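Asker: Let's see this in three dimensions:
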Amino acid sequence: MADTCIFCRIANAELPAHRLFEDDLVLAFLDLHPIREGHALIIPKQHHAWFEDLPDQTAARIMTVGQQLARAMKLEWGVERVSFFYTGIHVPHAHAHVVPMHHRHDVTSVRYLEDGSEEFSLPPNPGDAALAQTADRVRARLAGAA
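Answerer: Got it, this is the predicted structure:
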């Protein structure tokens, strides 16, 4: 996969990146299309398409590096919070986003913005019965995966 995956090519130094941190497991670098200044990505150096495919040690390392970046971002931008999340929208190589949040909607889904950017509408609560059913389904899957 390394020959076609953009993140594998960045990890192998075949493509340039503004590197922030690197060790034998992970690489952190600035996102080319940042939500906010400082928006970073943390990738495993080995190709894993999705975050649930990550070996435990690599997943833990991504989280630890994310915490280190968050502390640095809080100091640099004076923000109260830093967001950490995984997506798989554009590149099928597991990657975490670390974003200093200057506004509560910096990483908000459009579902929260029904009343406009200065308001914050929660999506509807599906109710306890629906939540219980969803919890049962996820727990069953977790038990099957063990």
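
Asker: Need the three-state assignment for residue 99.
Answerer: Classification of residue 99 by DSSP: H, G, I helix; E, B strand; the rest coil places it in strand.

Asker: That one touches residue 81, doesn't it?
Answerer: No - using Cβ atoms under 8 Å, residue 99 makes no contact with residue 81, being 9.6 Å away. For every residue, glycine as well, the C-beta is placed using N, CA and C.

Asker: Between the two, which is the more surrounded one?
Answerer: More crowded of residue 99 and residue 81, by other Cβ atoms under 10 Å: residue 99, with 25 against 14.

Asker: Could I get the contacting residues of that one?
Answerer: The neighbourhood of residue 99, defined by Cβ atoms under 8 Å, 6 or more residues apart in numbering, consists of 34-36, 38-40, 82-83, 106-107.

Asker: what are the phi and psi values for the residue of the chain positioned farthest from its centre?
Answerer: Taking Cα atoms, centre = their mean, the residue of the chain most remote from its mean C-alpha position is residue 129, at 30.1 Å. Dihedral pair for residue 129: phi -60, psi -50, per degrees, to the nearest 10.

Asker: Which of the residues in stretch 88-97 are classified as buried?
Answerer: Residues of stretch 88-97 classed as buried under the neighbour-count rule (16 or more other Cβ atoms under 10 Å) are 91, 93-97.

Asker: Name the SS class of residue 49, please.
Answerer: coil.

Asker: what about this protein, any weak spots by pLDDT?
Answerer: 1-2, 108-124, 145-146 (pLDDT under 70).

Asker: where along it do the strands fall?
Answerer: In the chain, the segments counted as strands under DSSP state E are 19-22, 26-30, 40-44, 81-86, 96-101.

Asker: which of those is buried the deepest?
Answerer: strand 40-44 (a mean of 25; mean count of other Cβ atoms under 10 Å).

Asker: Figure out how far it is from the centre of its chain.
Answerer: Chain-centre distance of strand 40-44: 8 Å, with Cα atoms, centre = their mean, to the nearest Å.

Asker: Give me the angle between that strand and strand 81-86.
Answerer: Interaxial angle, strand 40-44 versus strand 81-86 (axes from the mean of the first three to the mean of the last three Cα atoms, to 10 degrees): 40 degrees.

Asker: Strand 40-44 packs against which elements?
Answerer: In terms of contacts (3 or more Cβ pairs under 8 Å, 6 or more residues apart in numbering; DSSP states H and E), strand 40-44 is packed against helix 6-11, strand 26-30, helix 56-77, strand 96-101.
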